[in-house]
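>>> build the 3D model from these lines:
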Amino acid sequence: MLFSPEIIEEAKTKILPAELHKSPEGGFPKIYTFENKEKKIVFFAAKHAAEEEQFEKITAAFNDLKPSIVFVEGMERYTKDGPLKEDFQQKIADDKKWQEFKKKHIENVFTYKLAFDNHLPIISPEYTDEESISFFKEKGYSEDEIFLFFCSQIAMNYAYQPHADSLESFLNKQVKGIYGTEKAYYENFARLARQTFGGTVDLETGEGFKAKCTPIPFSKEDGQEWYITNEMSRQLSLRRNQKILEEIAKQLEFHDRIFIVYGGSHGVMLEPAIGFLMHH
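Alright, predicted model coming up:
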């Protein structure tokens, strides 16, 4: 399938905005299937969790589709040739080590391993850290606001899965990857987080940051405050969904069966856009 730029742009207008997002009945994970006479896409809208039951459902959906290419979330650094990719693939290639390794990682790493073992191309349509920083600067956000956003995302990810490192050590390493310099970033982050979020976050475990990073607006019943980090996440989420859709359109030219594993909200918001694309 070869799409005109006009069709792709029209498909982007079908992406559900975050404020209209509604979780499916039964919650996540949820599987969305799109097909026409020639092509098939299975979008596994995942719960960000290292749960064996979800891993089994991903494997079953993968085996049923028999994909020719796999999309995974947040793995852009490990899909491009270079030392990072080589080192990561060495870690997951040893089946004995893998059993322990997978306990510490959520569904994106599991799906990467599944595709790697089956010798399939793996892509991760994401904005790079540099692109995201440029995007936020163009929007008029300050250096402190951008820094707080990235650090809050890191703290949220830390809370999702166990780590041997403390949050302070983990965050300093991760932020170095974004800004490229060796600094004690945690102290500045803790100051900004206390100033912005008060006592609603835990600066040792990362608990509380998920609510500060969600792009999905809260209902009145939630009683949650909408912070600047939420608004930044909402804006970046739309850009990310647009990039995912662009990559789907590109890969449909070369692949008949595409398997996508992204967080649940991406599945909800992309469903109408992918459906439109598959029938044009």
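
>>> hmm, who's touching stretch 49-56?
29, 46-47, 102-107, 110, 160-161 (Cβ atoms under 8 Å, 6 or more residues apart in numbering). Any C-beta I mention is one placed from the backbone N, CA and C, and that applies to glycine too.

>>> now, which of the residues you listed sits nearest residue 143?
residue 160 (26.6 Å; Cβ to Cβ).

>>> now do the contacts for that closest one.
Per Cβ under 8 Å, 6+ apart, neighbours of residue 160: 48-50, 106.

>>> swap the cut-off to 7 Å and go again
Residue 160 is in contact with 48, 106, counting by Cβ atoms under 7 Å, 6 or more residues apart in numbering.

>>> now swap in residue 200 and tell me
Here residue 200 is in contact with residue 208 (Cβ under 7 Å, 6+ apart).

>>> neighbour-wise, give me the winner out of the contacts of stretch 49-56.
The most neighbours of any of those, using other Cβ atoms under 10 Å, belong to residue 46, which has 28 neighbours.

>>> what's the spacing between the residue lying closest to that one once chain neighbours are set aside and residue 209?
Spatial nearest neighbour of residue 46, chain neighbours left out: residue 107 (4.5 Å); criterion: Cβ to Cβ, 6 or more residues apart in numbering. Going from residue 107 to residue 209 by Cβ to Cβ, to the nearest Å gives 19 Å.

>>> same question for residue 259.
Using Cβ to Cβ, we find residue 259 at a distance of 30 Å from residue 209.

>>> which residues touch the helix or strand where residue 233 lies?
In this assignment (DSSP states H and E), residue 233 forms part of helix 228-251. With contact meaning Cβ under 7 Å, 6+ apart, helix 228-251 is reached by 3, 8, 11-12, 15, 18, 69, 123, 125-127, 132, 135-136, 139, 141, 145, 148-149, 152, 212-215, 258, 266, 269-270, 273-274, 277.

>>> list the ones among these that fall in helices.
Counting by DSSP state H, the contacts of helix 228-251 place 8, 11-12, 132, 135-136, 145, 148-149, 152, 212-213, 266, 269-270, 273-274, 277 in helices.

>>> mind checking the SS state of residue 24?
coil (DSSP: H, G, I helix; E, B strand; the rest coil).

>>> can you give me the neighbour number for the residue nearest to it when sequence neighbours are not counted?
In this structure, residue 24 finds its nearest non-sequential neighbour in residue 30, 4.8 Å apart by Cβ to Cβ, 6+ apart. By the criterion of other Cβ under 10 Å, residue 30 has 18 neighbours.

>>> repeat that for the one 5 residues further on.
The burial count assigned to residue 35 is 13, neighbours taken as other Cβ under 10 Å.

>>> distance of it from residue 60?
Using Cβ to Cβ, residue 35 is found at 18 Å from residue 60.

>>> equivalent analysis for residue 201, please.
37 Å.

>>> now residue 217
33 Å.

>>> ranges for the strands of the stretch 101-250 of the chain?
Remark: strands assigned in the stretch 101-250 of the chain by DSSP state E, counting those that start in this stretch are 122-123.

>>> give the residue spans of it that score low on pLDDT.
162 (pLDDT under 70).

>>> hmm, back to that, for the residue nearest to residue 24, grab phi and psi.
Dihedral pair for residue 30: phi -140, psi 140, per degrees, to the nearest 10.

>>> now do residue 219
Residue torsions, per degrees, to the nearest 10, at residue 219 are phi -80, psi 170.

>>> of the contacts of helix 228-251, buried ones?
3, 8, 11-12, 15, 18, 69, 123, 125-127, 132, 135-136, 141, 145, 148-149, 152, 212-215, 258, 266, 269-270, 273-274, 277 (16 or more other Cβ atoms under 10 Å).

>>> which SS class is the residue of the chain most remote from its centre?
For the chain, the residue at maximal distance from the C-alpha centroid (Cα atoms, centre = their mean) is residue 37, at 29.7 Å. Applying three-state DSSP to residue 37 yields a three-state assignment of coil.

>>> that one and residue 43, how far apart?
Residue 37 is 19 Å from residue 43, where distance means Cβ to Cβ.

>>> no further queries at this time; thank you.
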